[in-house]
Structure formats: C-alpha cells, structure tokens
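Here's my sequence, what's the structure:
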Amino acid sequence: MKGAYCSPARGGGARLPWRAVAAVAVCLWAAAAAAAGFKPVIIVHGLFDSSGDFDALRRFINESHPGTNVSVIDLFDRSASLQPLWKQVDGFKAAVRPIMQNAADGVNFICYSQGGLICRGILATLPDHNVHTFISLSSPQAGQYGDTDYLKYLFPQFMKSNLFHLCYTSVGQRISICNYWNDPHHREMYVNSSDYLALLNSERTNPNSTEWKSNFLKIKKLVLVGGPDDGVITPWQSSQFGFYDDNETVVEIQHQEVYLRDSFGLKTLGARGDLVLCSMAGVEHIWWHSNQTVYHTCMEKWLQ
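Below is the predicted model of the structure:
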C-alpha cells in the first residue's frame, strides 16, 4: 500500500452513505498502515508443502497489516522437500537475501514445520541477515521421534524404535527428516551422526558454533508456536524446544541442556525477554497456517 491514495468525496457538503464512510475509513487505515512501514514477511514452508498452501496466511497478514510485502518462497516443493536440509538452506538463503537487502528496516520470518529448522539454518549461517522476528510455527525444533502417519508413509518398513538404523547413516542423512530425527534411546548415535540438528544445537563440537550463535542472536524476537493436538510433531513440545529424556518423559525447554548451556542462544533470548511461547489446543498440524485464531493469537502482534 505504499503511496496509498484515497479519492475525495464528491457532492459538496452532502452526507456520505455509510458504505462510502466505511470505504474511506478503510482506505485511510490502509494508508496509515503503509506509512507505519510494516516489515516484509518471508514464509518458508514445511515437508511436502508448496507456496500455494499459504494463501490463507497471506490473506490474514494483508487484512491485519495492509500493504505488507508477503513472500512465500517457492522452492523445494512437495517431494523435493525431502532433500538434505543444508541443501535447502543454501537454496532458501539465496532466495531471501534480495528481499532482505531491499528491506532497510528488516524482515520477519514465519517458518512452518520443517521450514522452521531451515530458517534456523539460515539465521545461523547468514551473518548479514536482518530478521527482526522469527516465528517458528509448529516446527520440530528439538527434533522428531514418533510413529506418525508421515513416518508410516515415508518409511513403511520402520517404526520410531528402529528408524535410527537408517537415519544415523550417511545414506539416511541425505533425507531431510533424518537430519532432525532425535532418538532419545540412541543419544550418542544422534549426536555423532546428525549432520544438521546436532550441529545447529552445538550438541557436538562445531568450529562455527560461536559465529552461528552470534548470527542467530541478531533476531529481536523468537516466537515458538505449538500445541498438544498437533498429531505430527512428536513430542509436540519439540515445537518449543522441549523433548524426551531416555524414559520418553518430556523435559521442557528451560530444563534442556541446550538451554542451560545457552548452546546457541536460547537462554540469552530468554534473559532479554525475547523468547515467546504460544501454545494452542485443538489445532492439528496441517491447520496451523490457515487457522485465523492461531494467527491473531500467536503471530499478528509480532509482525510489526
């Protein structure tokens, strides 16, 4: 809405009908919103998604923040989303960099499901990023470990208890989901084999850990959205950096080792007051990005 224009009413001093008044009010509001300069929003999709799946979210943003430039990155759609996450990070990074360079006041990220992990990779490895708010929307940030429909579809011969046999191999690490498969009963194998999540979390020696942490902490706000009826992210608390111990008891974020050691910046964000957890019941995984209540409750206020 940059340069929004509202045409003047005609007819001298005649009283305008209510529809005309409403139209002028909306136009003035849109012009004010454009003047406020809402930051561009970049949306990164998840496993088996494509850009077309986010039309509702784009509409929510434009209704509440008129004139916002919303970019849904159209890369690694559908089956291509199974490609290794570092490869996807490189592709998405090249796509978002021009948007960032044209946004003097910064941009906001909304990153859904697997896309939330891709965005973490971008934030860690792009030293000149200007992401203001990073909204992680039902993303397995602490990893995934569950017998879900996705698992049965992708690996029909495996269950959660034995998928480590594939995922913790060089072949398995070529499949995106294996990059964040976190078997709590084979912790050492995960740490030594995960080419993606274990490195991002600095759970094993990483010569880039200090730089990656510094890059990640350039964000101004981290918003972690998830809920108990998700049905895919397992445990659902992984969307907020909680995860299973070896008894499959969920350990919440503030008691996780990566938080206590501040491995990549979570504790620092918490101390700054820039770590937000938004939990909502009754939302299944595939509906997070098209549920208007989720948007108004967990996202809208942060997209300034």
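
so how many other residues sit close to L222?
Neighbour count for L222, taken as other Cβ atoms under 10 Å: 26. Using the backbone N, CA and C atoms, a C-beta is placed for each residue, glycine as well.

Doesn't it belong to a strand?
Yes - counting by DSSP: H, G, I helix; E, B strand; the rest coil, L222 is part of a strand.

Please name the bridge partners of it.
In this entry, L222 is beta-bridged to F134, L275, by DSSP bridges.

Report the contact partners of it.
Neighbouring residues of L222 by Cβ atoms under 8 Å, 6 or more residues apart in numbering: T133, F134, S136, L266, L269, D274, L275, V276.

Now do the residue nearest to W236 when sequence neighbours are not counted against H285, distance only.
Once flanking residues are discounted, W236 sits nearest to D230: 4.6 Å by Cβ to Cβ, 6 or more residues apart in numbering. Look at D230 and H285: by Cβ to Cβ, to the nearest Å, they are 5 Å apart.

tell me, what's touching these two both at once?
In the contact map built from Cβ under 8 Å, 6+ apart, the residues linked to both D230 and H285 are S138.

out of these two, which sits in the more crowded spot?
Here D230 and H285 are compared on neighbour count by other Cβ under 10 Å; more neighbours surround D230, at 25 against 22.

What strand or helix carries the more buried one?
Under DSSP states H and E, no helix or strand contains D230.

wait, what's in contact with R78?
The contact partners of R78, taken as Cβ under 8 Å, 6+ apart, are F48, D49, S50.

L224 too?
L224 makes contact with S136, Q141, S239, Q240, F241, L275, V276, L277, C278 under the criterion Cβ under 8 Å, 6+ apart.

Throw those into TSV and include distance to S202 and pLDDT, thanks.
Below are the contacts of L224 laid out as TSV (distance: Cβ to Cβ, whole Å; pLDDT from 0 to 100):
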residue	distance to S202	pLDDT
S136	18	99
Q141	14	98
S239	20	98
Q240	19	98
F241	14	98
L275	17	98
V276	22	98
L277	22	98
C278	25	98
